[in-house]
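Trainee: Pasting the sequence and the predicted coordinates here, then a few questions.
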Amino acid sequence: MKGRVVLSAEAIVAGYEPDLPILNGAGFTLHEREIVALLGPNGAGKSTLIKAVAGLVPVTSGRVRLEERDITNLPAHLLIRLGLGFVPQTENVFAAMSIADNLLLAAAILPKTRRAERVAAMYAMFPDLAAKTSLAAGRLSGGQRQMLAIARTLLVEPKVLMLDEPSAGLSPKIVGGVFETLQRVRETGVAILLVEQSVRTALALADRAYVLAEGRNRHEGPAPLLRDDPLIAHLYFGGDPVAAP
Amino acid sequence: MSLQFIADGLLIGSMVGLGAIGVTLTYSILGFANFVHGEFIAWGAYACLVIAGLIGLGFGIQVQPLGPFSIGWVILVAAVFAMTFTGLLALALDFLLFSRLRRHGNAIVMVMASFGASMALRSLLEFLFTSEPAYFSREIQIAIPIGLGVRVTPDQMLMLVLTAVLVLGMHLLITRTTLGRAMRAVSENPSLAAVGGIDVAAVIRRTWLIGGALACAAGIVAGITVQIRPFMGFDLLLPMFAAAILGGIGSVPGAVLGGLIVGLAESCAVQFVGAEYRAAVAFLLLIAVLLLRPTGLFGRAAG
């Protein structure tokens, strides 16, 4: 049974230019402890939707709610304080700063008494990072960077973790590690919304998924049903039904 | 051969380096070459002069110089107020001009606006104070021999110490404090900084405040060791940009080292080539370093 809704976006119209919307009414709901994937072909508006929710793309119409609160067009820096964490697709760590400084910077919005404890918790969750705290984040491998980016966001204990294509540019083995981490994160009570190009892995992880095309919702449903639907596979994901991994 | 030219180069270089810290901070965080920084130097020096005069008038006192130095405590107190004033002047200029242009995200428009604002502020300064040089003090300073044929005045030594303290303070602020980390984060990736909870607009405001205050400090140092003129900041502008680029945009130690290199190169040029080649030698050095290391001495390639 689904829990209460923690994040929702209704009929979102948004784009980078005011008179050139990329989203034309797309939306989703995310329940507590749920993993939801936003899928669709290139240019469908998946990343724009997640960025609009994260406060990085202006919403011209529609509504975004975090629990009961209307957060539409709130400045991005306030959202993490309200419990909405976002991991961008690329450039998601401060490459010139050390691992420790990346985490300390994320911890700065917490009360001083909690910062050291939360940084230590992230080192415990990601031991690879703990082994080289003074290393510049720009020198980490792709997978380690993704872990640091996730750690930076989880450090402040968000209610919702949003990720834009966490598998981009990573080898299948590393993607497996990232998705295992997300499964562990969900078990701590965090709801997860992810945009993914890698449909097979996303549908294996997610509880539900939305398929977007041309800035609108085209299909939605439980991940296993979408995974086995030959029509969806044919229309949006390039041919054959997506086989279960 | 006297090594006086090295001491002179280091003194000029420390002044340039102090000014270049503000240039490198605003350049890295705001993303444009801010020509107004030179005017903040001149406005800061004049502000200190005026505030010191007002303190003297207000208390009805004639302040004696401190020990071997040419300046009294009034200048040091006035310096604190002047740094605050110049920081607020920078903030006001951002509010009135740059914040409006920033929304369009066009760096060349920002540069041209800063060029225009720079000329307007310099002209206003010239109108208010004329182009005649002014001085913090008319006390005569005796240069003290410090060995190897080098002589330095007490004022110059005091300014070197003050510059070192400010540079160290800035380095610690940038590397060890939450504000410093936030400034580095905004400089590297403003969007990521914002989703991480950093109020980018607040960081930009603080950068203007700090940049303006440091420019004022550089102006006071230049005013005490040389003289105060409306064009004093403009004359330092190109060496400051050279120092900031040479050191690597965004790096405080880089800006200071870049300033020292520019200062030494200029004084070496005067000593060995001729005073007319002074600026050219410094910039040839800049070009050579950038050809070998395009990100500057302490700059990091994007990664």
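Mentor: Structure received. Note that this is a predicted model, so its numbers are computed, not measured.

Trainee: contacts, neighbours, all on C-alpha from now
Mentor: Fine.

Trainee: got the contact list for the closest residue to chain A within chain B?
Mentor: Per CA to the nearest CA, B:Gly197 is where chain B lies closest to chain A, at 4.0 Å. By CA atoms under 8 Å, 6 or more residues apart in numbering or on different chains, the residues touching B:Gly197 are A:76-81, A:106, A:109.

Trainee: what about B:Ala52, neighbour count?
Mentor: Counted with other CA atoms under 10 Å in any protein chain shown, the neighbours of B:Ala52 add up to 23.

Trainee: which element is it on?
Mentor: Using DSSP states H and E, B:Ala52 falls within helix B:36-59.

Trainee: Could you dump the contacts of B:Gly197 into TSV with secondary structure added?
Mentor: Output for the contacts of B:Gly197, formatted as TSV (DSSP: H, G, I helix; E, B strand; the rest coil):
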residue	secondary structure
A:Ala76	helix
A:His77	helix
A:Leu78	helix
A:Leu79	helix
A:Ile80	helix
A:Arg81	helix
A:Ala106	helix
A:Ile109	coil
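
Trainee: ok, those vs chain B, which is closest?
Mentor: Set against chain B, the nearest of the contacts of B:Gly197 by CA to the nearest CA is A:His77 (4.0 Å).

Trainee: how close does that closest one sit to B:Ala194?
Mentor: Distance, A:His77 to B:Ala194, using CA to CA, to the nearest Å: 5 Å.

Trainee: what's the answer for B:Met15, then?
Mentor: 35 Å.

Trainee: When those two are compared, which one has more neighbours?
Mentor: The neighbour comparison of B:Met15 against B:Ala194 (other CA under 10 Å) goes to B:Met15, with 28 against 24.

Trainee: Give me the contact list for stretch A:203-214.
Mentor: Under CA under 8 Å, 6+ apart, the answer for stretch A:203-214 is A:22-24, A:26, A:28, A:34-41, A:43-46, A:179, A:183, A:217-224, A:226-227, A:244-245.

Trainee: Out of the residues you listed, list just those in helices.
Mentor: A:46, A:179, A:183, A:223-224, A:226-227 (DSSP state H).

Trainee: For ChimeraX, write the select line for the buried members of the contacts of stretch A:203-214.
Mentor: The ChimeraX command for the buried members of those (criterion: 16 or more other CA atoms under 10 Å in any protein chain shown) is given here:
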select /A:22,23,24,26,28,34,35,36,37,38,39,40,41,44,45,46,179,183,217,220,223,224,226,227
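
Trainee: Could you say which helix or strand holds the spatially most central residue of chain A?
Mentor: Using CA atoms, centre = their mean, the residue of chain A that lies closest to the mean C-alpha position is A:Leu163, 1.7 Å off. Using DSSP H and E, A:Leu163 falls within strand A:160-164.

Trainee: before we move on, back to that, return the distance of the helix holding B:Ala52 from the chain's centre.
Mentor: In this view, helix B:36-59 has its centroid 15 Å away from the chain centroid, taken as CA atoms, centre = their mean, to the nearest Å.

Trainee: One more: stretch A:187-206?
Mentor: Offset of stretch A:187-206 from its chain centre (CA atoms, centre = their mean): 8 Å.
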